[in-house]
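Asks: just need the structure, nothing else, for what follows:
(one chain, ligands or ions: 3)
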Amino acid sequence: MARLVLKFGGTSVGDVARLARAARLVAAERQPGTGLAIVVSAMSGETNRLVEFAREAAGGALIGPAFDDEYDVVCASGEQVTSGLLALALRRIALPARSWQGWQVPVLTDDSHGSARIDRIEAPDLLRALDEGEIAVLPGFQGVTGTGRITTLGRGGSDTSAVALAAALKAERCDIYTDVDGIYTTDPRIVARARRLDRISYEEMLEMASLGARVLQTRSVELAMNWRVPVRVLSSFVEPGQPNPGTLVCEEDPMMEQRVVSGIAYSRDEARISLFGVLDRPGIAADIFGRLADARINVDMIVQSQARTENRQNLLFTLPEKDVRLALATLQDGREAIDFEQVTADLDVAKVSVVGVGMRSHTGVARTMFQALAARNINIQAIATSEIKISVLVASEYTELAVRALHSAFELDASDPGRG
Ligand code: ADP
Ligand code: ASP
Ligand code: MG
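Replies: Ligands and ions are numbered 1, 2, ... in the order given. Take a look at the predicted model:
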């Protein structure tokens, strides 16, 4: 039997009318010989509301090991509600449907509460139900540990639930219904001239997602790439039968190599820490970044430069905003051993990146990028590159200007704003 997984994001199930439309879109995919499994997010805004409740109940404390498991119990409930509601909306239009909570499937995860990883999905009962023609509706974002505790997969995690389920069910495709009609050359909310892509390679989408394009959770793209699950991103705001080609995330093809840059991503969730006057000696980087790694802090860009004082250097690196406090404390703790003069942190920075498999075969991408930024007087604080991306760190007030400038410089602008 063929199988298809459809996922509906928060805005797409944001109220009862939208749930009814999602049900109609599901109905349109129904055909003999195809099993349908549906994954839903919580209604938009709901997870934030639940997080806030959890924070308040925990006395305003930052969520930490003492609270994380109960935080998951609270936050996973948003998806439980929509899974039941969509099953009801499907039954209302005379389709056989039932909800399956994460622990009922089960979707087994590790016990990293708040950002758990799926280990495996054992679904003999669910498979039997699909084979009998029942539509299965699953809450995204949630799983269960081997000892029966509820977990969540990190914000945006329903994408990952859907792709993991598609892999486990050996589905033909995983369709991600959302509030945009596909993957764009950049976030259409900040560039009106962004264009919808027909196709994007797994590798490019992985870079785009990990560099800030939140249209798909990074982990979901990783899973899709590893398990070769074709993923289609499309609009949930249309009625069945209306054109809705979306974007296919799939294997790279020669056409993709022809475009130099496929997309531009940005992330404001960045911070910069600068260490001034670090005593220059072999092993210093290993020492500093070893301490940060021990504190489980993920460092991204690193720039090292000569300080004015002899034998001293300056070191700057970037990290997620949420880790700044811990990083500063870790560095202060090691101040004597590391031997540095001063440490500062700046949260008003953003990372802007250009991504494209075409970079492997085209030269001059960095030059075009730097010239476009220079022409707008945007200062580059740090640079990082890989085979298919170049990222720069800029002051966050320039984020949108930088994205727009690069979008034009790489000729990604649609001639007709707002259209694909
Ligand atoms: P959902 O609730 O359906 O999971 P998200 O809000 O997580 O939806 O993701 C969709 C949003 O991703 C869009 O509304 C859009 O603003 C944003 N986005 C960022 N970068 C891109 C991009 N390159 N293409 C499409 N959407 C993007
Ligand atoms: N509801 C969760 C969140 O808001 C998961 C998701 O929507 O993908 O992060
Ligand atoms: Mg999302």
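Asks: look up how far residue 111 lies from the residue in the stretch 301-420 of the chain that ligand 3 sits nearest to.
Replies: In the stretch 301-420 of the chain, the residue found nearest to ligand 3 is residue 320; the distance is 18.0 Å by CB to the ion. Yep, even glycine has a C-beta here, placed from its N, CA and C like the rest. Distance of residue 320 to residue 111, given as CB to CB, to the nearest Å: 22 Å.
Asks: again with residue 131
Replies: The value you get for residue 131 to residue 111, if CB to CB is used, is 32 Å.
Asks: residue contacts, residue 20?
Replies: Contacts for residue 20 (CB atoms under 8 Å, 6 or more residues apart in numbering) come out as 89, 92.
Asks: which residue would be the closest one in the stretch 51-200 of the chain to ligand 2?
Replies: Here the stretch 51-200 of the chain gets closest to ligand 2 at one residue, residue 158, 3.2 Å apart by CB to the nearest ligand atom.
Asks: find the residue closest to that residue in space, skipping its chain neighbours.
Replies: In space, and not counting its chain neighbours, residue 158 is closest to residue 140: 2.5 Å by CB to CB, 6 or more residues apart in numbering.
Asks: cool, residue 90 as well?
Replies: residue 97 (3.7 Å).
Asks: next one, pLDDT for that neighbour please.
Replies: Residue 97 is assigned 98 on the pLDDT scale.
Asks: quick check: next helix or strand after the worst-scoring helix or strand of the chain on mean pLDDT?
Replies: Least confident helix or strand of the chain, by mean pLDDT, DSSP states H and E, is helix 254-258 with a mean of 82. Using DSSP states H and E, the helix or strand that follows helix 254-258 in sequence is strand 263-279.
Asks: distance between that next one and the chain's centre?
Replies: 19 Å (CA atoms, centre = their mean, to the nearest Å).
Asks: so what strands line up beside that strand?
Replies: strand 312-320 (antiparallel), strand 342-355 (antiparallel) (DSSP bridges).
Asks: what pLDDT, on average, does whichever helix or strand comes after it get?
Replies: Note on strand 263-279: by DSSP H and E, the next helix or strand toward the C-terminus is helix 284-294. Averaged across helix 284-294, the pLDDT comes to 95.
Asks: check which helices and strands helix 284-294 sits against.
Replies: strand 263-279, strand 302-306, strand 312-320, helix 324-333, helix 335-338 (3 or more CB pairs under 8 Å, 6 or more residues apart in numbering; DSSP states H and E).
Asks: how about 7 Å then?
Replies: With contacts defined as 3 or more CB pairs under 7 Å, 6 or more residues apart in numbering; DSSP states H and E, helix 284-294 has these neighbours: helix 324-333.
Asks: what residues of the helix it packs on count as buried?
Replies: 324, 327, 330-331 (16 or more other CB atoms under 10 Å).
Asks: got it, and stretch 95-111?
Replies: In stretch 95-111, counting by 16+ other CB under 10 Å, buried: 95, 97-103, 105-109.
Asks: grab the most central residue of this structure for me.
Replies: residue 217 (2.6 Å; CA atoms, centre = their mean).
Asks: any idea how far residue 408 is from the closest residue in space to residue 195 that isn't next to it in sequence?
Replies: In space, residue 195 comes closest to residue 414 once its chain neighbours are excluded; the distance is 4.5 Å by CB to CB, 6+ apart. Here the criterion is CB to CB. By it, residue 414 lies 11 Å from residue 408.
Asks: the two: which has the busier surroundings?
Replies: residue 414 (18 against 13; other CB atoms under 10 Å).
Asks: does that one count as helix, strand or coil?
Replies: coil (DSSP: H, G, I helix; E, B strand; the rest coil).
Asks: just checking, it touches residue 193?
Replies: Yes: taking CB atoms under 7 Å as the contact criterion, residue 414 and residue 193 are neighbours in contact, 4.9 Å apart.
Asks: contact partners for residue 349?
Replies: 270-272, 381, 393-396 (CB atoms under 7 Å, 6 or more residues apart in numbering).
Asks: hmm, 6 Å instead?
Replies: Contacts of residue 349 were listed using CB atoms under 6 Å, 6 or more residues apart in numbering, and they are 270, 272, 393, 396.
Asks: residue 352 is in contact with the last one, correct?
Replies: No: taking CB atoms under 6 Å as the definition, residue 396 is not a contact partner of residue 352, at 10.1 Å.
Asks: between the two, which one's more packed in?
Replies: More crowded of residue 396 and residue 352, by other CB under 10 Å: residue 352, with 30 against 18.
Asks: neighbours around the residue in the stretch 1-150 of the chain that ligand 3 sits nearest to, how many?
Replies: Closest to ligand 3 within the stretch 1-150 of the chain is residue 9: 5.0 Å, counting by CB to the ion. If you count neighbours by other CB under 10 Å, residue 9 ends up with 25.
Asks: if I look at it, how far off is residue 235?
Replies: Where residue 235 is concerned, residue 9 sits at a distance of 11 Å (CB to CB).
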